[in-house]
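Q: here's my sequence, what's the structure:
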Amino acid sequence: MSSPSTTVAADNLPVAQPPNAATDRHDGRMSTVVRVTYLALLVLALVAPMIGVYPVFAMKLLCFALFACAFNLLLGFTGLLSFGHAAFFGFAAYVTGYFVKVQGWTPELGVLAGVVVAALLGLVFGLVAIRRQGIYFAMITLALSQMVFFFCLQAPFTGGEDGLQGVLRGNLFGVIPLINDTMMYYLVLAIFLACFLGIMRVVTSPFGQVLKMIRENEPRAISLGYEVDRYKLLAFVLSASLAGLAGSLKTLVMKFATLTDVHWSMSGEVILMTLLGGVGTFFGPVLGSGIVIALQNILADKVGEWVTVIIGVIFVICVLAFRKGVVGEILAWRDRRKARR
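A: Model (predicted):
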């Protein structure tokens with residue numbers, strides 16, 4: 001027999017809990033559902049032109065989905081609210097349009113030029129704003145974005161209020177004709193998928209885990225020895241580059257770049273898309289951009305300028321009823337079910 005003291009000591013030891021088979025099966029089912037959903041969406045995207053989806057509409061949706069994902073990388077996974085992302089989106093659109101139309105560059109070089117300029121612009125914005133937090137960070141990015149807007153309004157190469165019209169898509173690498181909408185669609189889809197998977201890889205990497213820690217508890221990250229400002233700056237430049245890529249692709253798809261692309265309302269639009277779908281989720285910004293672009297496309301001819309009011313009302317309702325966004329609420333419901341099990 002064991003002595004009383006031994007029994008007490010044994011009782012105080014942590015007891016290993018048996019694995020919960022039901023929870024493991026539930027997690028496995030949810031992972032399978034997520035994979036099947038992504039696969040189904042991929043198949044739908046691949047066959048979209050074949051089932052009657054207008055390619056230009058689908059390409060526009062993909063461009064804004066990439067824009068929203070780029071913004072979500074900064075807001076959802078780093079915790080930085082920028083009101084100036086229209087500067088990267090719109091200025092890259094102008095740069096690509098100028099080099100392709102005026103200088104006669106091939107589309108891949110024009111897009112590359114737009115991404116590089118957006119990255120440099122993001123570096124300048126980041127160096128100025130990154131040491132501020134909260135509303136001060138947001139206001140600095142808005143002010144800098146407005147400076148870019150007025151520059152685009154006055155600069156001769158942008159076309160002023162008329163914008164850049166008649167941007168030809170040309171031939172990719174001098175071989176593949178992008179004048180064909182279907183060919184252009186699959187190019188945009190491939191770029192979007194590569195960027196989407198790249199964002200997922202960044203977020204799940206050690207670098208992404210540090211960004212999440214900065215979002216949740218910045219003083220803790222500083223106390224652990226991380227150079228927080230450097231991580232923020234890298235995230236800002238990466239987000240700006242992806243936003244510039246979205247703007248460059250949008251110019252090739254729509255064949256024009258206008259002041260609307262660089263206006264502050266475009267920053268508000270991408271914030272709306274991200275919040276509507278779900279901040280801090282991978283698929284949320286894609287769904288949010290799809291909802292907004294679809295509503296704009298459906299309602300524009302029927303209600304005219306009232307489409308903005310209608311989208312605003314829908315946004316208010318979603319914020320009140322789905323505070324975490326559509327995808328965020330679905331994930332929260334899944335987590336609650338898992339906790340009950």
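Q: where does pLDDT dip in this protein?
A: Along the chain, the model assigns pLDDT under 70 to residues 1-30.
Q: one more time with 50
A: 1-19, 21-24, 26 (pLDDT under 50).
Q: now do the helices in it.
A: Along the chain, counting by DSSP state H, helices occupy 4-12, 21-47, 55-78, 85-101, 107-129, 134-154, 181-204, 206-216, 218-223, 228-254, 264-277, 284-303, 306-321, 325-340.
Q: can I get the ones you listed in CSV including distance to residue 162 and mean neighbour count?
A: In short, each C-beta sits where N, CA and C put it, glycine included. Shown next, in CSV, are the helices of the chain (distance: least, C-beta to C-beta, whole Å; neighbours: other C-beta atoms under 10 Å):
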stretch, distance to residue 162, mean neighbour count
helix 4-12, 79, 9
helix 21-47, 34, 11
helix 55-78, 21, 24
helix 85-101, 12, 29
helix 107-129, 20, 21
helix 134-154, 11, 16
helix 181-204, 24, 17
helix 206-216, 40, 16
helix 218-223, 45, 13
helix 228-254, 15, 25
helix 264-277, 18, 22
helix 284-303, 21, 18
helix 306-321, 23, 13
helix 325-340, 37, 15
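Q: out of the ones you listed, which is closest to residue 173?
A: Counting by C-beta to C-beta, residue 173 lies closest to helix 107-129 out of the helices of the chain; the figure is 6.3 Å.
Q: and the angle for the closest one with helix 228-254?
A: Here the directions of helix 107-129 and helix 228-254 differ by 150 degrees (axes from the mean of the first three to the mean of the last three C-alpha atoms, to 10 degrees).
Q: excluding chain neighbours, what is closest to residue 212?
A: residue 77 (6.1 Å; C-beta to C-beta, 6 or more residues apart in numbering).
Q: what sits against the one you found?
A: 203, 208, 211, 212, 215, 235, 280 (C-beta atoms under 8 Å, 6 or more residues apart in numbering).
Q: touching stretch 188-207 from outside, list them.
A: So stretch 188-207 is contacted by 42, 45-46, 59, 62-63, 65-66, 69-70, 73, 77, 208, 211-212, 231, 234, 238, 242, 245, 249, 253, 282, 286 (C-beta under 8 Å, 6+ apart).
Q: quick one: distance of that stretch to the chain centre.
A: 10 Å (C-alpha atoms, centre = their mean, to the nearest Å).
Q: put the alpha carbons of that stretch into PDB.
A: Extracted in PDB, the C-alpha atoms of stretch 188-207 (Å, rounded to 0.1, in the frame of the first residue of the first chain):
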ATOM      1  CA  VAL A 188      -5.400  37.200 -64.300                       C
ATOM      2  CA  LEU A 189      -6.800  34.000 -62.600                       C
ATOM      3  CA  ALA A 190      -3.300  32.500 -62.500                       C
ATOM      4  CA  ILE A 191      -1.800  35.600 -61.000                       C
ATOM      5  CA  PHE A 192      -4.500  35.900 -58.400                       C
ATOM      6  CA  LEU A 193      -4.100  32.200 -57.400                       C
ATOM      7  CA  ALA A 194      -0.300  32.600 -57.100                       C
ATOM      8  CA  CYS A 195      -0.700  35.800 -55.000                       C
ATOM      9  CA  PHE A 196      -3.500  34.200 -52.800                       C
ATOM     10  CA  LEU A 197      -1.300  31.200 -52.100                       C
ATOM     11  CA  GLY A 198       1.600  33.400 -51.500                       C
ATOM     12  CA  ILE A 199      -0.300  35.400 -48.900                       C
ATOM     13  CA  MET A 200      -1.300  32.200 -47.100                       C
ATOM     14  CA  ARG A 201       2.300  31.100 -47.100                       C
ATOM     15  CA  VAL A 202       3.500  34.400 -45.700                       C
ATOM     16  CA  VAL A 203       0.800  34.500 -43.000                       C
ATOM     17  CA  THR A 204       1.600  30.900 -41.800                       C
ATOM     18  CA  SER A 205       5.400  31.500 -41.900                       C
ATOM     19  CA  PRO A 206       7.400  32.600 -38.900                       C
ATOM     20  CA  PHE A 207       7.300  36.100 -40.300                       C
END
